[in-house]
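Colleague: Structure for the following, please:
(one chain, ligands or ions: 1)
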Amino acid sequence: MLLSRPVKRRLSLRLLAGLLLLVSGPLLAQEDPTEKDPAAAVVLTGSGTGSLVVSGSATPLGFGTTATGLLVELEPIVSRLGGRLDVGPLRQSYSLAIGETQLVVVPGSPAITSGTEIQPLSQPPGIVDGRLLVPLELLERSYGAQLGVTFTWDEARGILAVERPQQRELPVEVGLVHLQGVTTVVLQFPEAPRYRIVRSAGLYEVVLVGDRVVPPAAGPQVQDALVRGIEISPERIRLELAPDCAAESYTLQTPFRLVFDVFRETAPAAPAAPIVPRESARRAIRTVVIDPGHGGKETGAIGPAGSAEKELALLLSTALAARLEQTLGVRTVLTRTEDIDLALDERSALANQNKADLFLSIHLNSSVGRGAVGAETYFLSLQASDQRAADAAAVENYVGAAVAPAGSDDFELQLLLWDLAQSQHLAASQRLATLIQEELNRALDLRDRGVKQAPFRVLMGAAMPAVLVEVGFISTRDEEQRLRSPEYRAQLVETLVRAVGRFKLEYETGAGAAAGAP
Ligand SMILES: [Zn+2]
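Modeller: Reported below is the predicted structural model:
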């Protein structure tokens, strides 16, 4: 990332401000709807009417300039290029639908959401005289990506030219993996192609827009229960699914990957049913992903008697998974079942792919000070709640040299975006952390070290309530001995099961604070 630190700090504050606006949406419903939202107000340094030029024909286009850059009126662009712009209730958000893609634009918020994906903008869209003005970036992210067009602003003449750029030939690599009932198809490109996704019964097509694909020399050999075949031509990539299967797609960057998670639909959806927002549809804890910390070369902390955190974490996690299935009837998925290397990002990605409703990362603590005892439960926050929490995050985030170190530009921006992904679950994550901590304190008579917040990388990408539990100090001789005993570990596991059970009940019945997440 090329942004300088001060710019990013500002960006981060504004992103969070914008986010609060999104999160607090329902709360604002009681306010006077005519009240002007100050966050949406834009300070223009100039404004005027220019023209929008598409295939040589011009139409008027309102624009404004701010200290950060150019904003253009969105509505004339939508009427020329197609798509639909809808205003949300209270005019606090707009949705822009282009083909199957829907973007949510919040005036005052320098980020747009597309599905569960959040993308930052260099400056927020705003309302001027009742018209929505947006930065060019937003047009590139929406129309550019969908139609393969580019936007060029001629400042001197006030002309926004929409053009179709040169076609690129992009080789594609296809990967396919089946895991726990989900087949993940990964299409990897050297750079992001322009495409749109077209769905019909049993068929997902990636239609290239303005670019062409170079198919791999040997076509992909597909032998999978959920994916019947993958066909690649320069114009399109076709995924044929087995009957009763559906897919969800998302993208990953560096290198650009378009990912499809294919799963069996339990009940066939009524074709004309309106799309139910995910959050309100999902009020049950069905799948719990348990992440045994560390593994492979990353041993984690080592106790005075030589116990490795990675081993004890795996023993605890495996037992926890089994007991959760037995007692709560939930499906559990372990991020690793063996002593293997696993990147932090892959752990939360696995939780997302498995549509987990909860993510628990299990660790053991270490301390340089002697005699530290007790458990600590963490949920994600940009800011550590205290120095000890900051240190714990620094220790857990350290994975050899494979990860951008905390403090690096890349790390900070990722952190920011991932924090946004996790933030809609913050209330629930905090509640889960509190319940776990309560149960651990009560059952095990551990010294209460409290619920803490810290920027744990493993929690960042998780799009569900997620916590990290440090169940004890492996660095303290007595505690290490206790943790080595299967009886004590069984006790720990039962305690965690009770906490998850309490959370599940609150979350599903809407009672208590676990239901507090929007
Ligand atoms: Zn750890």
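Colleague: Where do the helices of the protein begin and end?
Modeller: With DSSP state H, the ranges of helices along the chain come out as 5-23, 74-81, 136-139, 145-147, 278-281, 309-328, 344-353, 387-397, 409-423, 426-444, 457-460, 477-484, 486-509.
Colleague: average pLDDT across the fourth one?
Modeller: Averaging pLDDT along helix 145-147 yields 76.
Colleague: same check, this time on the longest one
Modeller: Per-residue pLDDT values across helix 486-509 average out to 92.
Colleague: who's in contact with stretch 71-88?
Modeller: 42, 44, 52, 54, 59-65, 94-99, 105, 123, 125-126, 128, 131-136, 138-139, 142-143, 147, 149, 153, 160, 162 (Cβ atoms under 8 Å, 6 or more residues apart in numbering). Bear in mind the C-beta positions are built from the backbone N, C-alpha and C, glycine included.
Colleague: Pull out the buried residues from these.
Modeller: For these, a burial check counting by 16 or more other Cβ atoms under 10 Å picks out 42, 52, 54, 61-64, 94, 96, 98, 105, 123, 125-126, 128, 132-136, 138-139, 142-143, 147, 149, 160, 162.
Colleague: pretty sure Lys452 is in contact with Gln387, am I right?
Modeller: No - in this structure Lys452 lies outside contact range of Gln387 using Cβ atoms under 8 Å: 10.8 Å.
Colleague: Settle it for me: which of these two has more neighbours?
Modeller: The neighbour count for Lys452 versus Gln387, taken as other Cβ atoms under 10 Å, is higher for Lys452 (22 against 8).
Colleague: residues contacting the more buried one?
Modeller: Glu376, Thr377, Tyr378, Ala384, Ser385, Asp386, Arg388, Ala389, Ala392.
Colleague: if you set the cut-off to 7 Å instead, what comes out?
Modeller: Neighbour list for Lys452: Glu376, Tyr378, Ser385, Asp386, Ala389 [criterion: Cβ atoms under 7 Å, 6 or more residues apart in numbering].
Colleague: got the residues of the chain near the ion?
Modeller: Gly293, Gly300, His363, Glu396 (Cβ under 5 Å from the ion).
Colleague: And the pLDDT for the third one?
Modeller: I take that to be His363. pLDDT recorded at His363 is 94.
Colleague: give me the number of residues near it?
Modeller: 29.
Colleague: what sits against it?
Modeller: Contacts for His363 (Cβ under 7 Å, 6+ apart) come out as Gly293, Gly300, Glu309, Ala313, Glu396, Leu468, Val469, Glu470.
Colleague: For the residue in the stretch 401-518 of the chain that the ion sits nearest to, list each beta-bridge partner.
Modeller: Relative to the ion, the nearest point of the stretch 401-518 of the chain is Glu470 (7.1 Å; Cβ to the ion). Applying DSSP bridges to Glu470 gives these bridge partners: His363, Glu376.
Colleague: unless I'm mixing things up, it is touching Ile362, no?
Modeller: No - using Cβ atoms under 7 Å, Glu470 makes no contact with Ile362, being 8.7 Å away.
Colleague: roughly how far apart are Leu85 and Gln453?
Modeller: Distance from Leu85 to Gln453, counting by Cβ to Cβ, to the nearest Å: 38 Å.
Colleague: higher neighbour count, those two?
Modeller: The neighbour count for Leu85 versus Gln453, taken as other Cβ under 10 Å, is higher for Gln453 (21 against 17).
Colleague: I figured Asp224 was touching His178, is that so?
Modeller: Yes - shown here, Asp224 and His178 form a contact pair, counting by Cβ under 7 Å, at 5.9 Å.
Colleague: What is the burial count for Ser55?
Modeller: 8.
Colleague: and if you look at Glu235?
Modeller: Quick note: Glu235 (other Cβ under 10 Å) scores 13 neighbours.
Colleague: Relative to Gly144, how far out is it?
Modeller: The separation that Glu235 has from Gly144, given Cβ to Cβ, amounts to 19 Å.
Colleague: before we move on, what about Ala490?
Modeller: 56 Å.
Colleague: These two: which has the busier surroundings?
Modeller: Higher neighbour count among Ala490 and Gly144: Gly144, with 20 against 13, using other Cβ under 10 Å.
Colleague: now the stretch 51-200 of the chain, which segments are flagged as low pLDDT?
Modeller: Along the stretch 51-200 of the chain, the model assigns pLDDT under 70 to residues 89-92, 100, 115-118, 180.
Colleague: Point me to the residue of the stretch 201-350 of the chain nearest the ion.
Modeller: Counting by Cβ to the ion, the stretch 201-350 of the chain gets nearest to the ion through Gly293 (3.9 Å).
Colleague: Nearest residue to that residue in space, please, no chain neighbours.
Modeller: Spatially, and ignoring its direct neighbours in sequence, Gly293 is nearest to His363 (3.9 Å; Cβ to Cβ, 6 or more residues apart in numbering).
Colleague: From Ile77, how far out is the residue lying closest to Pro60 once chain neighbours are set aside?
Modeller: Counting by Cβ to Cβ, 6+ apart, Pro60 lies nearest to Thr49, which is 5.4 Å off, once chain neighbours are set aside. The gap separating Thr49 from Ile77 is 14 Å, by Cβ to Cβ.
Colleague: Would you check that Gly229 makes contact with Pro220?
Modeller: No - if you go by Cβ under 7 Å, Gly229 and Pro220 don't touch, sitting 8.4 Å apart.
Colleague: Closest one to Asn441 out of the contacts of Lys452, please.
Modeller: Nearest to Asn441 among these: Glu376, at 11.0 Å, using Cβ to Cβ.
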